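**Student:** Build me a structure from this.
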Amino acid sequence: MAVTAQDHPTDLPLKVQLFYAVGQLGWSTLINIIGLQLVYFYLPPAGSGLPIFISQASFLLVLNVIAILSASGRLIDAITDPLFASWSDRSTNPRGRRIPFMKWGALPAALFCVLMFVPPVAGESGWNITWLFFLQALFYIALTAYVTPFFALLPELGKTAGQRLNLSTWISITYALGIILAGLTPNIAGVFAGFGLSRVQALQAAFTAAAVLALLCMLVPVWTIDERRYARRSPSSVPMMAAIRQTFGNPHFRFYVVADFAYFMGLTIINTGLLYYVTVLLGLGEGMVSVLLPLLVLVSFVFYPVVNVLARRWQKKGLVVIAFLAMSVIFLAIYFLGRLPVDPAAQAYAVILTYAVPLAFLGILPNAILADIAHHDSLKTGEPKEGMYFAARTLMQKFGQTFGILIFAMLTTFGKDPGHDLGIRLSGVFGFLLCLAAGLIFTRYDEQQLLGETEQLAPTAAD
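**Tutor:** Here you go, the predicted model:
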C-alpha cells in the first residue's frame, strides 16, 4: 500500500513539536529514576544510610540479585516491543495509530516506577526480590506501550530531513531535562526529610513527586496533538513476524542498531555508576550529583545548535562516529578518578564538562538517523513500519541497558566501597571498550546511499 502525499500534510507548527517533546520529558524522568537510583537503592555502599532490602550475596563469584533481576526482567521485552510496534503499525483506531497506545501506557508506567522503590518488607527479605521482579516487568511493559508509539510518531510528524532533525533536537533537550529531574530526587528527598520522614520514606516521596510530574508531561502530547492531522498514515498490512524480518534484514538498520546497542550498554554502565563515582571514588557527598547533572545538561544545551547546524552541512554518520570515539576516551578516565593529584571536585567537573560535548551529538543525531532509515523504508516498500523500526531499536536499547546494569552489578562484587573500589573503576574500562566498538561498527553505515535513494523515491511517493 503506497504512502501518498494526502496521508501527511507537510506543515508542522512549532507548538506541535514542543508538545511532542514534552512527552519525552515525562518518560525520560521515569527511566532515569530507575537508571540512576535503583541499583544504589538496593545495593547501597557503606555509609549511604540506606537499609538492606535484598540479599547482597554473590553467585558464581560475579552475579548478585540485582544483576539477575535486571537480566531476567527484560526478557519480556523481546515479546512486548515487537507486539506493541505491530499493533500500532496496523492499528485502524480513528484517533490515530500511536496516541491511543500512549494514553493507556502513561499512568501504569508512572505508578509501577514508584512501586519499585516501595519494598513490602522493611528489612532484607525474599518477598522484596519477588516484588521487584514483578514490578520491574510491569513497568517495562507499560513503558513500552508509551515509548514505542511515541518514537514511531517522529518520522510521521517530520516529513522532511530538516523536520526530523528539529524533532530529534527538541526531544534530546527534554530527555536531558528528565535526567536532571531524576538526578534531583535525592535533593527533593532532603526537603521531605525535613518534615520528619526517614531517609527511605523521603526518597519514596521524592520519587512519587517526580513520577506525578512525569505522568502529566507524558499526557501532554496525548491531550494536544491531533494525530489524524499531522501524522496520518494508512495502517501497515505486514504481519508482525514478517515486519521483524524485514526490519532486521535492512542493512542500514543492522549497522545502526548494533552500534546503538553497544553505546547504550556503555552509557548505562556509566549512568548507573555516577553516584558511586562521586561518593566512593572521589569521596564527595551525594548532593554533588545534583550539581553535576544540571551542569552536564546545560553545557550539552550550548552545543545543541552547533550539532543542528553541523548535521545540515556534513553527514550525520561522521559526527556520530567521532562522538562515540570521544566518549570512549572520557569513560576510560573514570578508572583514574580519585587517584590523580587534582582536587576531587575538579576531577568531577572535568569529566562532566568533557562528557557533555559528545553527549550533545549522541543525544540528537541517532534519532534523526533512525527516522531517516524508517522514512526511506516506507518510501521504498510502500509499507509504513515506523513503529517496528523504533520498537526494534528500543528493544536493543533495553537489552543494552539491561546488560549494562548486569555488568555494573557484577563488577560491584569486585569492590564498591571506599578503599575497596576495583569494581567501580573497572566500569569505566568497560564503558571505554563498548563506545569504541560502537564507533567502529557505525563506520559501516552507508548514509550517502540511503539519503540519495530517499531523494530519488520522494517525488514518486508524492505522485
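**Student:** Select the helix or strand of the protein having the lowest average pLDDT value.
**Tutor:** helix 65-73 (a mean of 64; mean pLDDT, DSSP states H and E).
**Student:** Touching the helix or strand just after that one from outside, list them.
**Tutor:** Sequence order places helix 77-89 as the next helix or strand after helix 65-73, per DSSP states H and E. Applying C-beta atoms under 8 Å, 6 or more residues apart in numbering, the contact partners of helix 77-89 are 97-98, 101, 140-141, 144-145, 148-149, 152, 235-236, 238-240, 243-244, 384-388, 390-392, 394-395, 398-399. Where you see a C-beta, it was placed from the backbone N, CA and C, and this is true even at glycine.
**Student:** Any stretches of the stretch 101-250 of the chain with poor pLDDT?
**Tutor:** In the predicted model, the stretch 101-250 of the chain carries pLDDT under 70 at residues 232-238, 240.
**Student:** What are the boundaries of the helices in it?
**Tutor:** 126-157, 161-183, 185-193, 199-224, 227-230, 240-249 (DSSP state H, counting those that start in this stretch).
**Student:** Mean neighbour count added to these, as TSV?
**Tutor:** Output for those, formatted as TSV (neighbours: other C-beta atoms under 10 Å):
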stretch	mean neighbour count
helix 126-157	22
helix 161-183	22
helix 185-193	19
helix 199-224	20
helix 227-230	17
helix 240-249	16
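**Student:** Quick check: which of those is nearest to residue 333?
**Tutor:** helix 161-183 (20.2 Å; C-beta to C-beta).
**Student:** Give me the pLDDT value at residue 14.
**Tutor:** Looking at residue 14, its pLDDT is 88.
**Student:** my bad, should have said residue 82
**Tutor:** 79.
**Student:** Look at it and say how many residues are nearby.
**Tutor:** Around residue 82 there are 23 other residues, counting by other C-beta atoms under 10 Å.
**Student:** From residue 418, how far out is it?
**Tutor:** Distance, residue 82 to residue 418, by C-beta to C-beta, to the nearest Å: 44 Å.
**Student:** next one: residue 326
**Tutor:** The gap separating residue 326 from residue 418 is 30 Å, by C-beta to C-beta.
**Student:** So those two - more neighbours on which side?
**Tutor:** More crowded of residue 326 and residue 418, by other C-beta under 10 Å: residue 326, with 19 against 15.
**Student:** Over to that one: give its phi and psi.
**Tutor:** phi -60, psi -40 (degrees, to the nearest 10).
**Student:** per-residue confidence at it?
**Tutor:** Residue 326 carries a pLDDT score of 92 in this model.
**Student:** what angle separates the longest helix seen in the chain from helix 126-157?
**Tutor:** Identified as the longest helix of the chain according to DSSP state H is helix 344-381. Orientation check (axes from the mean of the first three to the mean of the last three C-alpha atoms, to 10 degrees): helix 344-381 against helix 126-157 gives 50 degrees.
**Student:** Show me what counts as buried in helix 344-381.
**Tutor:** Buried residues in helix 344-381, counted by 16 or more other C-beta atoms under 10 Å: 344, 347-348, 351-352, 354-381.
**Student:** who does the helix or strand following it touch, helix- and strand-wise?
**Tutor:** Following helix 344-381 in sequence order, the next helix or strand is helix 386-411 (DSSP H and E). In terms of contacts (3 or more C-beta pairs under 8 Å, 6 or more residues apart in numbering; DSSP states H and E), helix 386-411 is packed against helix 14-42, helix 65-73, helix 77-89, helix 126-157, helix 240-249, helix 251-276, helix 344-381, helix 422-442.
**Student:** what does the fifth one contact?
**Tutor:** Taking C-beta under 8 Å, 6+ apart as the criterion, the residues outside helix 240-249 that touch it are 82-83, 85-86, 89, 236, 238, 253-254, 257, 377, 381, 385, 388-389, 392.
**Student:** can we see that at 10 Å?
**Tutor:** Helix 240-249 is contacted by residues 81-83, 85-87, 89-90, 236-239, 253-254, 257, 373-374, 377, 381, 383, 385, 387-393, 395-396 when judged by C-beta atoms under 10 Å, 6 or more residues apart in numbering.
**Student:** Any chance of a ChimeraX selection covering the buried ones in these?
**Tutor:** Remark: buried members of those, expressed as a ChimeraX selection using 16+ other C-beta under 10 Å:
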select :81,82,83,85,86,87,89,90,236,238,253,257,373,374,377,381,383,385,387,388,389,390,391,392,393,395,396
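**Student:** For residue 38, give its distance to residue 31.
**Tutor:** Distance from residue 38 to residue 31, by C-beta to C-beta: 10 Å.
**Student:** between those two, what contacts are shared?
**Tutor:** Counting by C-beta under 10 Å, 6+ apart, the shared contacts of residue 38 and residue 31 are residue 113.
**Student:** Neighbour count for these two, which is higher?
**Tutor:** residue 31 (24 against 20).
**Student:** Do you know the pLDDT at residue 406?
**Tutor:** Reading off the model, residue 406 has pLDDT 77.
**Student:** what about it, neighbour count?
**Tutor:** Taking other C-beta under 10 Å as the definition, residue 406 ends up with a neighbour count of 24.
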